[in-house]
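*Asks:* Sequence and computational prediction follow.
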Amino acid sequence: MTDMLTPVLTANWGTDRSWTLEAYEAQGGYAALPKALKMKQDDVITAVKDSGLRGRGGAGFPTGMKWSFIPQDNPNPKYLVVNADESEPGTCKDIPLMMASPHTLVEGVIISSYAIRANHAFIYVRGEVLHVVRRLQRAVQEAYAAGHLGKNIHGSGYDLDLVIHAGAGAYICGEETALLDSLEGRRGQPRLRPPFPAVAGLYASPTVINNVESIASVPSIIDKGADWFASMGTEKSKGYVIYSLSGHVKTPGQYEAPLGITLRELIDLGGGMRAGHELKFWTPGGSSTPLLTAEQLDMPLDYEAVGAAGSMLGTRALQIFDETTCVVRAVLRWTEFYKHESCGKCTPCREGTWWLVQVLTRLEKGQGSEEDLDVLLDQCENILGRSFCALGDGATSPISSSIQHFRDEYLAHLTHGGCPFDPAASTAFAQEGALA
Amino acid sequence: MTTTGPSRFSENDQQLTDATYDELREIAARYPQGRSGLLPMLHLVQSVEGKVTPEGIQACAEILDISPAEVSGVATFYTMYKRRPVGDYHVGVCTNTLCAVMGGDLIFERLKEHLEVGNDETTPDGKVSLEHIECNAACDFAPVMMVNWEFMDNQTPESAVRLVDDLRAGNEVHSTRGPRLCTWREAERVLAGFPDDRADEGPSAGPASLAGVQIARTMGWTAPSVEASTSRAESETSVATETSEERASDRAASSDQAEEGKS
Amino acid sequence: MTTTPEKTDVVTLTIDGIQVSVPKDTLVIRAAEQVGVQIPRFCDHPLLAPVGACRQCLVEIPDAGNGRGMPKPQASCTIPVAEGMVVNTQVTSPVADKAQQGQMEFLLINHPLDCPVCDKGGECPLQNQAMSNGRGESRFSATGGVKRTFPKPINISAQILLDRERCIVCQRCTRFASEIAGDPFIALVERGAQQQIGIADNAPFLSYFSGNTIQICPVGALTSADYRFRSRPFDLVSTPSIAEHDACGSAIRVDHRRGKVMRRLAGNDPEVNEEWITDKDRFGFHYARQADRLTHPLVRDTTSGELRPASWPEAFAVAARGLAAARTSGGVGVLTGGRLIAEDAYAYSKFARVVLGTNDIDFRARPHSAEEAAFLASEVVLRMPVTYADLEKASVVVLAGLEPEDEAGSIFLRLRKAVAAGTRVVAVAPYSSRGLRKLKGRLVATSAGDEREALAALAADADAALDAGAVILVGERLAAVPGALTAAVDLARTTGARLAWVPRRAGDRGAVETGCLPNLLPGGRPVADPTARVDAAAAWGVTSLPEQPGRDGDGIVAALNAGELTGLVVGGVALDDLPDPEAARQALAAAEFVVSLELRENEVTRAADVVFPVAPVSDKAGLFVTWEGRPRTFDAVFSNPGSLPDLRILSGIAEESGVPLGFRTVEEARRQMNEVGPWDGARAPAAAAPKIKQRRLARNKFWLATWKQMLDNGAMLDGDTALSATARPAVARVPHATYDVLAGATHVTLAGDRGEVTLPVEAADLPDDTVWVPANNDGNGVLADLASPGSAVTVKAVKA
């Protein structure tokens, strides 16, 4: 029986000066690298395939398979790009990872680049996390100095350059093709596919784009073996992942566990809901994943079960809201976010979010009518699956799911002539006494 | 009342010097194709000029041999690029849903009142620019503020007021899980890829980041040992390779092909 | 013999239940057109790369050709057909129909309801498709929606205005600017709902092709200062025509109202200009309605010496008498200029031979040479060696004495397309022009006057690698360089490359074909060939034609100044365009009798003894021959009985002279031209290599390079205020080494044998001994004010 929490990526976060090369190596870091460099590249890919590692950035695509799509007969250079643009509301795992242990990611980058035969790798980190950028810059400096990066790494004949690239504020750049355009110095707007990045990505060359946590998981797979990794998790969702618990729980934070743990277990680990309150709704994987309620407390948090429940595991960004939270306010705010972050390329997302915000704003003020709910749902239908990329789809998730679960609360705004909730009651600093 | 900069902005405004041009070229040279350097180059322009200026746009265009309109298109796409001068301290209050619900909205209101500025405006002394920001990936520390893109975790309206007062008074302020705060322009220089000396300041992680790992330590929980895992490993190790491949081609050209999705 | 069907070439699919076979790679949206289904669209444009941005063209694909359906509606503008694919459009699929209506509703929520005052109203794809594929009522306003507004409008150039709230950000304009024109001076700026088209500060959308964005804008977001609020589409009458500003033969559509041209649009001719025209072709039409337009014949009063109005018969008679006298007293020369329709050129050619009895005729109102005349007779006339389509297929295109972006816009755009597909461009030119950089071309940096040597060296240039797939385009400017045209011919012969001559004016090639040259009769008949002369004489029903080879333009001017010629017929020539404007001016004064056929008053008409007003191209049918040799006929836009083509005037004089030309209308002239037909005898022999004089540059002097920029001070741009404001400014370009020596001077003064000009200075990758100035963006132009191209000038720094 595997333990309930299985710290691997998070294991060294609490150690002194964990971000330094010295501390990382003291914990056994950079042990996987020489091992990988002695392997054939294809064997590294096979190991990652065999581990069952699936992309940790949201969609859960098998990482090893993604690597194997890189056409090795393509004469262009190959590139590895790490998606460190963590911006999905609720998602907060990659940032602490890179702050506390940037070398885990750097080691993963080196092994992954080696596997796909890339001599140039990039970490595209969102710009709004200055200290993370610093720690990454420092880690790369240290890795070069230690011979982990650069020419002829540890005598293997393998060369790799790694560039830390800071973004400049655009949620859409988490979408991998928008990220590529951004990394090419353009507006971060998604590209037509095909061609897929594996064939024509950065500079129209074969490119793998992986999430931070995916790449950071690679050293452990090489070091401890695919079987070890696959021994954790559920049948089709293998391995350990970081669950990010936030909101109205006693102890929000990062909880690293095998895939398949339940929300009830996580909330219990987090000391339960805050005193005197109960779970109202939650997101399993960020705001783009449809809301769930207490009904799904015992659902295993893996790709399959969450999908079967009509939502998505996404980034395992578990935003927990108790009964003091107005769902209409919450959804309006998310919708404003999507409107703000819509890149503008396609009509449904650009114009649709503009309209959705207006309708929701009126409803939140108690000014709309019940028919507006149907208009909202119809707008969502005209956006979902019609927009250019998944951002538009994501914008509809909170709206459709909240109307599904909380239609009465929307109507209550209309009958009440405004929001019936006290915004102070939901705050972290609400006084116990003020809650009644 | 407060949107246009006081005179000290213009006094501080520097011209792009030859040294800046050299550094802009140096950024472009980090990449296999120079244009990839545009985002960091614009960060550098901001670090020198306090905002993205037409001259800065022209300089980037010249160096990268693209049109100023193309640079302008990039500079106006990303929210970190500012077209009005930013104060020494850019104070961001997360008002995305979770932080808003947890108190971000009240903090933002309180700061607007206290600083007597609106969103995206700067105090008349040029010290503090206030902006409500989107999710900054620190939800387990909600409600969160960012000062010059350093984390200020678990804020209250009162702590936020103290914070901006300290900033305006010139007191040394530390990120709650990071270093001494530098100025916004200094921060922009780091983002341009010119590191300062603060990487080793601050802790490894904030308390929330360590919540799980501390429970595991208390409980003696760990990932399985390699030995234990081999006995459990089953023969069907690879994850539904074929079906996933089918799915990939199925969804070819469909719009939600985000294999790694959003993060 | 059986052939295996090439499975890869044709794809069969089913659209709305109808099977259709289309070439592979066809996009579904265009395959649907084959079965008569028009899928609504905005961002899609057949000549632009797909983007899939507007999402208007969503269709359902229940079978992608692999037996599996696509789970969501797909943008048919981005999906290529596949064998066995099943597509259901709005015609048969409720899902597709709802998806389309949904997108239309989104597009309209922020679109203003100003159709009644919008230029596009009545011809607007958004308006039309909202009717055909949209909902009747707006739920946006029903839900209390507030539209996005922008202060309006923005001038993105002196000519083009942007109304941002009308824009649906389909990116057609920005894609045109970057993909087609290579001028990415407009771009998407801002983000999300605020996303808009924009320019950078102080960097307007200065592109020679900017007007095309107005035409392809699917809403009324882009308008021209020229046409904005001037008329309604349904008040306009449209007449197809051919543009008169260059030798490209671009198809245009002239929209007019009550006898006045309101605007001109690009016609769609895939073989020539595709769907694009230059801004000059689009906006340059006000010259025909300037105040100085001649409206009636003028004759010089014998007593007062002043020009006075005259009736047509009187003017014909005076002209006939005067020319007859001049013919007797010495002879008459004919200068025709390059803007004539071929029928008019033919009339001049015949008039010179049968009425004036001379071969002293030349259309080349620019520096020219005997070598060039021989080249045109031996290499150009009657031939069509290269077409636009050939440019796209060429392995390499050599440009010599030709700056396509300035001098032949449609060639430039076709070369851009060719280069994108792999064609290389090599330019024998003084410096890397913006046009050359946009063609990713290689510069063979050539001092002004050294083109002959540069061309000769290309034969052995391994990088250029000229072969049978190569094309050499030589511009008319090469005539000014002794031996250069001969070198180009040699280069073509030795490498197998095809050679084409690209003149600058619309009527130039037609003038070659009709014999407005001292050495050519119509149909390519060499003057020097007795059988050709007999053939032409027979066709014209005269006993003989003048045997003596004629004088060229320079020769005519010199002969007038020497008193050897005493009369002159001038058809549309600006003196400052001529190789030596001062000499031409003197010749005009020296001539005893001058007949001028002109559109507008100018110094020739003021000096003439008889002046005939002629019809602008809008008032007559006609034929232009493109640089390729392709005939381009067009009909009259206006029927204006008082506006006569040159040929009608010439025939009137001829009749008064007792030698009728046999035609009075364009149709009659064209019929006669066809009867005369092309010469099937021996072509004129190749030009003898001219004697090359060694030239030496004095210390501190530079060879002068120059060409005419597209937008300059030419008379055919008069009145186009907004267009002229988009012209490239006049600057002098000097070599980097020279620029450094100028030590910060902002201007330079160039001095040549005809005068001095002072211009702002820029550095360019010129050879150390060459400077460049635009030929006609300053003063009276380089030929009048400075020196002739290829001569030596001095450069002096001017401190501002």
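*Replies:* Okay, I see it. Numbers count the residues shown, from 1 in each chain, chains lettered A, B, ... in the order given.
*Asks:* For the residue nearest to C:Ala497 when sequence neighbours are not counted, which residues are in contact?
*Replies:* Nearest non-adjacent residue to C:Ala497, counting by Cβ to Cβ, 6 or more residues apart in numbering or on different chains: C:Ala470, 3.7 Å away. The way it works is simple: take the backbone N, C-alpha and C, and place the C-beta from them, glycine included. For C:Ala470, the contacting residues are C:394-398, C:495-498, by Cβ atoms under 8 Å, 6 or more residues apart in numbering or on different chains.
*Asks:* again, 7 Å this time
*Replies:* C:394-396, C:398, C:495, C:497 (Cβ atoms under 7 Å, 6 or more residues apart in numbering or on different chains).
*Asks:* Chain B versus the closest residue in space to C:Glu372 that isn't next to it in sequence, what's the distance?
*Replies:* Closest residue to C:Glu372 apart from its sequence neighbours, by Cβ to Cβ, 6+ apart: C:Ala479 at 3.7 Å. The gap separating C:Ala479 from chain B is 35 Å, by Cβ to the nearest Cβ, to the nearest Å.
*Asks:* buried set for the helix or strand hosting B:Asp166?
*Replies:* For B:Asp166, the host element (DSSP states H and E) is helix B:157-169. Using 16 or more other Cβ atoms under 10 Å in any protein chain shown as the test for burial, helix B:157-169 gives B:157, B:159-161, B:163-164, B:167-168.
*Asks:* Which neighbouring elements make contact with it?
*Replies:* Where contact means 3 or more Cβ pairs under 7 Å, 6 or more residues apart in numbering or on different chains; DSSP states H and E, helix B:157-169 is packed against helix B:105-115, strand B:128-133.
*Asks:* The same query, at a cut-off of 8 Å, please.
*Replies:* Under the contact criterion of 3 or more Cβ pairs under 8 Å, 6 or more residues apart in numbering or on different chains; DSSP states H and E, helix B:157-169 touches strand B:89-94, helix B:105-115, strand B:128-133, strand B:145-147.
*Asks:* can you list the domains in the chain?
*Replies:* You didn't say which chain, so I picked chain A. For chain A, the structural domains run A:21-230, A:240-286+A:295-322, A:327-420, going by automatic domain parsing.
*Asks:* oops, I was thinking of chain B
*Replies:* B:7-75, B:89-181.
*Asks:* Out of the ones you listed, which one sits most buried?
*Replies:* Mean neighbour count (mean count of other Cβ atoms under 10 Å in any protein chain shown) peaks for domain B:89-181 among these, with a mean of 22.
*Asks:* Now do the end-to-end distance for that domain.
*Replies:* By Cα to Cα, to the nearest Å, the extent of domain B:89-181 from end to end equals 9 Å.
*Asks:* on that earlier part again, for the helix holding B:Asp166, report the contacting residues that lie outside it.
*Replies:* With Cβ under 8 Å, 6+ apart as the contact definition, helix B:157-169 has outside contacts at A:429, B:88-89, B:91, B:93, B:103, B:106-107, B:110-111, B:114-115, B:123, B:125, B:127-128, B:145, B:147, B:152, B:155, B:173, B:181.
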